[in-house]
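Asker: let's see this in three dimensions:
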Amino acid sequence: MSSDVVKLEVADRVAVVTLNRPPVNAINAELRERLIAIFDAATDRDDIRCLVLTAQGKVFCAGADLRQRPDPSQAGAFWHHNRLTRETGNAIRECAKPVIAAVNGAALGAGFGLMASCDIMMASENAVFGMPEIDVGLAGGAAMLNELLGRSWTRRLMFTGDRIGAAELHRLGVLDSVWSQEELLPAALSMARRIAEKSPLGIKYAKTSCNMVALMPPRDAYRFEQNFTHELAKTEDAVEARTAQLEKRKPVFKGR
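Answerer: Residues are numbered from 1 along each chain as shown. Sure thing, here's the model as predicted:
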């Protein structure tokens, strides 16, 4: 399997993951497997503390490659395809390191889903988002859309295939920020470097908390976070962070 469909560059503890399947970065099985491998490995790599997911060209991702739809007459093909599809997003969500989306163009269908799996979402001014599955006789994405947008917008995008621009998605509170095409990646890298300077243990616990509390009632979620805070308080990094604050210097974290 070629690694060219997704490029990986690591510098200053930040990994840039670039979709590289011209012309529109449509997702096929090879691209999915490569993404899963990269984000799974990132959890264990000490040289990576934050990741930026972006794409080459003018399109972030036009969705799943329709030329590689599973053959329903082949036993198990459909379910294997669906499993691989689910695990692509899960690999991003479950990666112990934060992932920033730098959406440089259209993010449609599964491409929209890739962005939604990230922790922080930035986009360029020309980016558009949509779920065009209804236009090719399919349906999917309601769970993702409902988490981001709520009832009315979820149904509108699902039923019509309409596209929504970056400015509107920012107004609705989905996107962190919107940038010019030239400013997008530098802005995402700046955010990633700031995160990479934090305690790696603290960031790991913080991401796990964000993922888990979304599944809990508020009372249980607060208790869950308190337990994490208790465990973190006993680490060397926590002591170093407090000491550095008092001594007005930059902390040196060891990840323990």
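Asker: from memory residue 123 sits against residue 183, does it?
Answerer: No. Judged on CB atoms under 8 Å, residue 123 makes no contact with residue 183 at a distance of 11.3 Å. C-beta: built from backbone N, CA, C; applies to glycine.
Asker: now the strands for the stretch 101-250 of the chain?
Answerer: 106-108, 120-124, 128-130, 163-165, 177-179 (DSSP state E, counting those that start in this stretch).
Asker: and the second one, what's its mean pLDDT?
Answerer: This predicted structure assigns strand 120-124 an average pLDDT of 98.
Asker: which strands and helices sit next to that strand?
Answerer: strand 99-103, helix 166-171, strand 177-179, helix 181-196 (3 or more CB pairs under 8 Å, 6 or more residues apart in numbering; DSSP states H and E).
Asker: one more pass at 10 Å, please.
Answerer: Contact here means 3 or more CB pairs under 10 Å, 6 or more residues apart in numbering; DSSP states H and E; on that basis strand 120-124 packs against strand 50-55, strand 99-103, helix 110-116, helix 166-171, strand 177-179, helix 181-196.
Asker: want to throw the ones you listed into TSV with mean neighbour count and distance to residue 79?
Answerer: Listed next are the helices and strands packed on strand 120-124 as TSV, based on neighbours: other CB atoms under 10 Å; distance: least, CB to CB, whole Å:
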stretch	mean neighbour count	distance to residue 79
strand 50-55	26	27
strand 99-103	27	27
helix 110-116	25	17
helix 166-171	17	32
strand 177-179	19	38
helix 181-196	17	35
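Asker: dump the ones you listed to JSON lines, plus mean pLDDT and distance to residue 155.
Answerer: Formatted as JSON lines, those follow (pLDDT from 0 to 100; distance: least, CB to CB, whole Å):
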{"stretch": "strand 50-55", "mean pLDDT": "98", "distance to residue 155": "27"}
{"stretch": "strand 99-103", "mean pLDDT": "98", "distance to residue 155": "23"}
{"stretch": "helix 110-116", "mean pLDDT": "96", "distance to residue 155": "15"}
{"stretch": "helix 166-171", "mean pLDDT": "97", "distance to residue 155": "16"}
{"stretch": "strand 177-179", "mean pLDDT": "98", "distance to residue 155": "25"}
{"stretch": "helix 181-196", "mean pLDDT": "97", "distance to residue 155": "30"}
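Asker: and residue 71, which of the ones you listed is closest to it?
Answerer: helix 110-116 (18.9 Å; CB to CB).
Asker: pull the distance from the closest one to the chain's centre.
Answerer: 8 Å (CA atoms, centre = their mean, to the nearest Å).
Asker: just stretch 51-71 next, same as before
Answerer: For stretch 51-71, the distance to the chain centre is 14 Å (CA atoms, centre = their mean).
Asker: which of the residues in it are buried?
Answerer: 51-56, 59-65 (16 or more other CB atoms under 10 Å).
Asker: nearest approach to residue 86 belongs to which of the helices and strands packed on strand 120-124?
Answerer: Nearest of the helices and strands packed on strand 120-124 (CB to CB): helix 110-116, 9.9 Å.
Asker: circling back to that earlier point, same list, the helices and strands packed on strand 120-124, but as TSV with distance to residue 216 please.
Answerer: Compiled in TSV, the helices and strands packed on strand 120-124 are given as follows (distance: least, CB to CB, whole Å):
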stretch	distance to residue 216
strand 50-55	25
strand 99-103	22
helix 110-116	20
helix 166-171	27
strand 177-179	28
helix 181-196	24
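Asker: quick one, which of those is nearest to residue 153?
Answerer: helix 166-171 (9.6 Å).
Asker: fine by me, we can end here.
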